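*Asks:* This is the structure alone, sequence omitted:
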């Protein structure tokens, strides 16, 4: 027997008036009349016509906040077993995340994988525009955070990243809790997803710009202006395109430090031009004997020279593959000399 989420909606929410192209009847009622009117209408309908109430709540165009708001009423009228698969799955996810351990017998793991992913995406896409029944971080926010974590960490679903990014920046503008969402955002290890964050560097909202800088590890100049913001964006996109094959997740996050460095690039991988697994920081293809020998020499060099070699290796290979092949066959000391000469600093020697 499923347990009623009796405390999910103890207060009236701050509903947004959103102009969606497609709205269910219950959504229109909620936007026009608010949470209390929605709950009263649904209860009255269920008392007189259960079939109509089920038709309303199972509408494919229904949005997650409305289902969340009506959870108590759904249980009061014993409607859970007649809900659509999507609605049942969403309520299970909410309950599994918010109920004390042992209170909920059926967890989300029992759901069909594709149906679960589709439901989680629906929860985020249709639920990201509402702040929940209480300001700050309540059980509604926790449910969305959990949906994001499942999609990215459990299912490696990059399709959810735009909605997660929207929710992160929306909450941040209101100084709401974002740490779990940020953790989830980085779990897919999708380098191109960083462009979703980088785009906020050009935002007219100062909070967006500052958060984007923090997430990307970029120092934001103060005061800033549109020209500087565009320049920062262009510089970051160039850096990302140059290093995305070598990026890895550092393991740092906001629960550890106020200034986490979520991603970094592997200089050894960049030097060898070997794409790596961003989760495990291991090469996608095994090293050859020659590559292993080069890497052993590379590791003996000082840090500044390893940085120089990694950067030069990538640039030379992009310019002239044959020259790069010959350069990689030379001793590391000769590679350093060629790199410094190309940079106009051969006077070092």
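*Replies:* Arrived safely, thanks for sending. Predicted model only: the values in this text are computed from it and were never measured.
*Asks:* in a helix, that's where residue 194 is, yeah?
*Replies:* Yes - judged by DSSP: H, G, I helix; E, B strand; the rest coil, residue 194 forms part of a helix.
*Asks:* That one: neighbouring residues, count only.
*Replies:* Residues near residue 194, counting by other C-beta atoms under 10 Å, number 24. For glycine as for every other residue, the C-beta is placed from the backbone atoms N, C-alpha and C.
*Asks:* For the closest residue to it other than its chain neighbours, give me its contacts.
*Replies:* The shortest distance from residue 194 to any non-neighbouring residue, by C-beta to C-beta, 6 or more residues apart in numbering, is to residue 240 (5.7 Å). Residue 240 makes contact with 191, 194, 195, 198, according to C-beta atoms under 8 Å, 6 or more residues apart in numbering.
*Asks:* Which of the helices or strands spans residue 240?
*Replies:* Element membership of residue 240, judged by DSSP states H and E, is helix 226-243.
*Asks:* Please point out which parts of that helix sit buried.
*Replies:* By 16 or more other C-beta atoms under 10 Å, the buried positions in helix 226-243 come out as 229, 232, 233, 236, 240, 243.
*Asks:* Can you show me the strands along this structure?
*Replies:* For the chain, applying DSSP state E gives strands covering 247-249, 263-265.
*Asks:* Kindly tell me how buried the residue lying closest to residue 112 once chain neighbours are set aside is, as a neighbour count.
*Replies:* Distance criterion C-beta to C-beta, 6+ apart; nearest residue to residue 112, sequence neighbours excluded, is residue 85 at 7.6 Å. Counted by other C-beta under 10 Å, the residues lying close to residue 85 total 14.
*Asks:* From what I see, residue 85 and residue 115 are in contact.
*Replies:* Yes - using C-beta atoms under 8 Å, residue 85 makes contact with residue 115 at a distance of 5.4 Å.
*Asks:* which residues in the stretch 51-200 of the chain form helices?
*Replies:* Ranges of helices in the stretch 51-200 of the chain, per DSSP state H, counting those that start in this stretch, are 64-69, 71-76, 85-98, 113-127, 139-149, 161-173, 179-187, 194-198.
*Asks:* follow-up on the earlier one: got CSV for the strands of the chain, with mean neighbour count, distance to residue 344 and mean pLDDT too?
*Replies:* Output for the strands of the chain, formatted as CSV (neighbours: other C-beta atoms under 10 Å; distance: least, C-beta to C-beta, whole Å; pLDDT from 0 to 100):
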stretch, mean neighbour count, distance to residue 344, mean pLDDT
strand 247-249, 19, 29, 92
strand 263-265, 18, 24, 91
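*Asks:* Show me how far stretch 245-261 is from its chain's centre.
*Replies:* With C-alpha atoms, centre = their mean, to the nearest Å as the basis, stretch 245-261 stands 13 Å off its chain's centre.
*Asks:* okay, how far is it across it, tip to tip?
*Replies:* End-to-end distance for stretch 245-261: 18 Å, by C-alpha to C-alpha, to the nearest Å.
*Asks:* Local confidence estimate at the residue nearest to residue 212 when sequence neighbours are not counted?
*Replies:* Excluding the flanking residues, the one nearest residue 212 by C-beta to C-beta, 6+ apart is residue 200, at 3.9 Å. Among the per-residue scores, residue 200 shows a pLDDT of 97.
*Asks:* sorry, back to before: which one, of the strands of the chain, ends up nearest to residue 129?
*Replies:* Closest approach to residue 129 among these (C-beta to C-beta): strand 263-265, 28.2 Å.
*Asks:* And the contacts of that closest one?
*Replies:* Under the criterion C-beta under 8 Å, 6+ apart, residues 186, 194, 217, 243, 246, 247, 248, 249, 250, 278 lie in contact with strand 263-265.
*Asks:* Need the residues you listed in CSV (columns: distance to residue 312).
*Replies:* Shown next, in CSV, are the contacts of strand 263-265 (distance: C-beta to C-beta, whole Å):
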residue, distance to residue 312
186, 29
194, 24
217, 23
243, 14
246, 15
247, 19
248, 21
249, 26
250, 24
278, 23
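*Asks:* What is the nearest of those to residue 156?
*Replies:* The closest of the contacts of strand 263-265 to residue 156 turns out to be residue 278 (C-beta to C-beta; 11.1 Å).
*Asks:* Reformat the buried residues of helix 226-243 as TSV; add distance to residue 212.
*Replies:* Shown next, in TSV, are the buried residues of helix 226-243 (distance: C-beta to C-beta, whole Å):
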residue	distance to residue 212
229	9
232	9
233	9
236	9
240	13
243	18
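*Asks:* measure stretch 315-329 end to end?
*Replies:* The first residue of stretch 315-329 is 17 Å away from its last residue (C-alpha to C-alpha).
*Asks:* Any buried residues in that stretch, and which?
*Replies:* Residues of stretch 315-329 classed as buried by neighbour count (16+ other C-beta under 10 Å): 316, 317, 324, 327, 328.
*Asks:* Same list (those) but as a markdown table, adding pLDDT and distance to residue 90.
*Replies:* Compiled in a markdown table, the buried residues of stretch 315-329 are given as follows (pLDDT from 0 to 100; distance: C-beta to C-beta, whole Å):
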| residue | pLDDT | distance to residue 90 |
| --- | --- | --- |
| 316 | 96 | 53 |
| 317 | 95 | 49 |
| 324 | 96 | 52 |
| 327 | 96 | 56 |
| 328 | 95 | 54 |
